[in-house]
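Novice: Everything below, folded, please.
(one chain, ligands or ions: 1)
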Amino acid sequence: MIKIGVPKETYPGETRVALIPANVPNFKKMGAEIIVESGAGEKAGYPDSEYLEKGAQIVKSREEVFSNADVILQVRALGANPVEGKKDIALLKNGQILIGFMEPFLAKDLIEEVAQKGVISFALELLPRTSRAQSMDVLSSMATISGYKAVLIAASYLPKMFPMLTTAAGTILPANVFVIGAGVAGLQAIATARRLGAVVRAYDIRPATKQEVESLGAKFVELGLESQEAEDKRGYAKDMGEEFYRRQREMLTKVVAESDVVISTASVPGKKAPVLITEEMVKGMKPGSVIVDLSAERGGNCELTKPGEIVEKYGVKIIGPVNVPATVPYHASQMYSKNITNFCSLLIKNGEININLNDDILSSTLLTKDGKLTNSIFD
Ligand code: NAD
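Specialist: Here you go, the predicted model:
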């Protein structure tokens, strides 16, 4: 039987687990058994006893997981775990399969080391955003959680309420929320802010987002800069260059100044996030306003953002949360686990591993095989 290993996550502050007990039986059906490091699911709310109940084996040490498993499932592997990820290289074996987030754009050195060990690695960040890959799309799952949580963070720091209320003590006006970047996180932020009763506006450079923004009851802010040109063939935004961003900032200034809350999510894969909110623009906001910069880990959409910190300037709080999905570990793990299980079902059939590189989902995520870097992102 093929053995699938689930080690504890070692990145500081990481609370998620790559596989939850509910998905253990899915692997049984594929002809695989699960080995879990004791305590791996604890922080996410999944105790060892639940894994055992579903038929997984619990082992005491990380070494036991790596030495026995044919396939290792992680949330943050290699470059996605810049603190501890390197240590796992010593534990990996020739021919072993490694699946997880790996930050492939930033961690080429580590990935080269893994290639040299003969490990077959798949980076889930590189999943194509196609309908067939949707059930495996970990980026969308985690972005959904981040978009939701960003609104709750903003609401808890704003000295105002979100909904409009008519009370005996007078009328409370609704908060004005502006969402920059209407991808998966942005759309979830819009929906969450609307559920709390805010008046929501949103902006994206991809014109296709206008309809999605409006279908959630928000107003799309048109700057006249949105263009089909801004979208690459995979649906991602392109890097538009500093002159474009300068014009964009100029035109965003008024909307930012009118907003109580700005949630920014703009990002370009493999690049530093564009700076769309300058210090000057922050200065123009009302005291008490809040910016939640979900791009903090990618350098930030606001010039004043510091990852993992709350910066207060001109009476405005600029919040740069990091690893937001780990603050909702139960559901983040549930979604991640379902996604990775669906991904594994392409690799494992009737108790055998078959890497079919004619499948675009496998070929686009494969980073290393036969001692080499195999992905076109390294060309
Ligand atoms: P992302 O996290 O890469 O970026 C977030 C958003 O920021 C994007 O909408 C992007 O257009 C926007 N952005 C970038 N630069 C900007 C700028 N200068 N100003 C304003 N906005 C800017 O995006 P994502 O959420 O991962 O989505 C990427 C693409 O994948 C989208 O086209 C999305 O619709 C698509 N998608 C498809 C599927 C599917 O079909 N299975 C699933 C999820 C996402």
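
Novice: so what's the residue in the stretch 1-150 of the chain positioned nearest to the ligand up against?
Specialist: Closest residue of the stretch 1-150 of the chain to the ligand, CB to the nearest ligand atom: residue 129 (3.5 Å). For glycine as for every other residue, the C-beta is placed from the backbone atoms N, C-alpha and C. Residue 129 sits next to 137, 140, 234, 235, 236 when contact means CB atoms under 8 Å, 6 or more residues apart in numbering.

Novice: make it 7 Å
Specialist: 137, 234, 235 (CB atoms under 7 Å, 6 or more residues apart in numbering).

Novice: which non-adjacent residue is nearest the first one?
Specialist: Ranked by CB to CB, 6 or more residues apart in numbering and with sequence neighbours excluded, the top spatial neighbour of residue 137 is residue 127, at 5.8 Å.

Novice: go on, the second one?
Specialist: Setting aside the residues directly before and after it, residue 234 is nearest to residue 129 in space (CB to CB, 6+ apart), at 6.2 Å.

Novice: In the stretch 101-250 of the chain, what residue comes closest to the ligand?
Specialist: For the stretch 101-250 of the chain, CB to the nearest ligand atom, closest residue to the ligand: residue 183, 2.3 Å.

Novice: Residue 320: what's its closest spatial neighbour, skipping adjacent residues?
Specialist: residue 296 (3.2 Å).

Novice: Next one: that neighbour from residue 73, what distance?
Specialist: Per CB to CB, to the nearest Å, residue 296 is found 27 Å from residue 73.

Novice: likewise residue 188?
Specialist: Distance, residue 188 to residue 73, by CB to CB: 25 Å.

Novice: what about those two, which has more around it?
Specialist: residue 73 (28 against 23; other CB atoms under 10 Å).

Novice: so is the more buried one in a helix, a strand, or just coil?
Specialist: strand (DSSP: H, G, I helix; E, B strand; the rest coil).

Novice: Isn't it up against residue 343?
Specialist: No: between residue 73 and residue 343 there is no contact under CB atoms under 7 Å: 9.3 Å.

Novice: any common contacting residues for the two?
Specialist: Joint contacts of residue 73 and residue 343 (CB under 7 Å, 6+ apart) are residue 99.

Novice: secondary structure element for the spatially most central residue of the chain?
Specialist: What sits nearest the mean C-alpha location of the chain, by CA atoms, centre = their mean, is residue 142, with 4.1 Å. For residue 142, the host element (DSSP states H and E) is helix 138-157.

Novice: ok, and what's touching that helix?
Specialist: So helix 138-157 is contacted by 124-125, 162, 183-189, 192-193, 196, 261, 263, 265, 290, 292, 294, 317, 319, 321, 324-325, 327-328, 331-332, 335-336, 339 (CB under 7 Å, 6+ apart).

Novice: and after that helix, which helix or strand comes next?
Specialist: Heading C-terminal from helix 138-157 (DSSP H and E), you reach strand 165-167.

Novice: buried sites along that following strand?
Specialist: When neighbours are counted by 16 or more other CB atoms under 10 Å, no buried residue of strand 165-167 is found.

Novice: cool, and stretch 190-202?
Specialist: 190, 191, 192, 193, 194, 196, 198, 199, 200, 201, 202.

Novice: now swap in stretch 310-320 and tell me
Specialist: 311, 316, 317, 318, 319, 320.

Novice: Also stretch 92-102?
Specialist: 92, 96, 97, 98, 99, 100, 101, 102.

Novice: again, but for stretch 113-123
Specialist: Buried residues in stretch 113-123 (16+ other CB under 10 Å): 113, 114, 115, 117, 119, 120, 121, 122, 123.

Novice: What does the pLDDT read for the residue nearest to residue 205 when sequence neighbours are not counted?
Specialist: The shortest distance from residue 205 to any non-neighbouring residue, by CB to CB, 6+ apart, is to residue 230 (4.1 Å). Here the pLDDT value assigned to residue 230 is 85.

Novice: go on, the one 5 residues further on?
Specialist: In this prediction, residue 235 carries a pLDDT score of 82.

Novice: need the helices for the stretch 201-350 of the chain, in chain order.
Specialist: Under the criterion DSSP state H, counting those that start in this stretch, helices of the stretch 201-350 of the chain are mapped to 209-215, 242-258, 279-283, 329-347.

Novice: Name the stretch among those helices that sits most buried.
Specialist: Ranked by mean neighbour count, the helices of the stretch 201-350 of the chain are led by helix 329-347 with a mean of 22 (mean count of other CB atoms under 10 Å).

Novice: average model confidence for that one?
Specialist: For helix 329-347, the per-residue pLDDT averages 98.

Novice: contacts for that helix?
Specialist: 15-20, 23, 26, 30, 43-46, 73, 75, 99, 124, 135-138, 141-142, 145, 325-326, 353-355, 359, 361-362.

Novice: Show me which of those are buried.
Specialist: 15-20, 23, 26, 30, 43-44, 46, 73, 75, 99, 124, 136-138, 141-142, 145, 325-326, 353, 361-362.

Novice: still on that earlier bit, pick out the most distant pair among the buried residues of stretch 92-102.
Specialist: Distances among the buried residues of stretch 92-102 were taken as CB to CB; the most separated pair is 96 and 101, at 17.5 Å.
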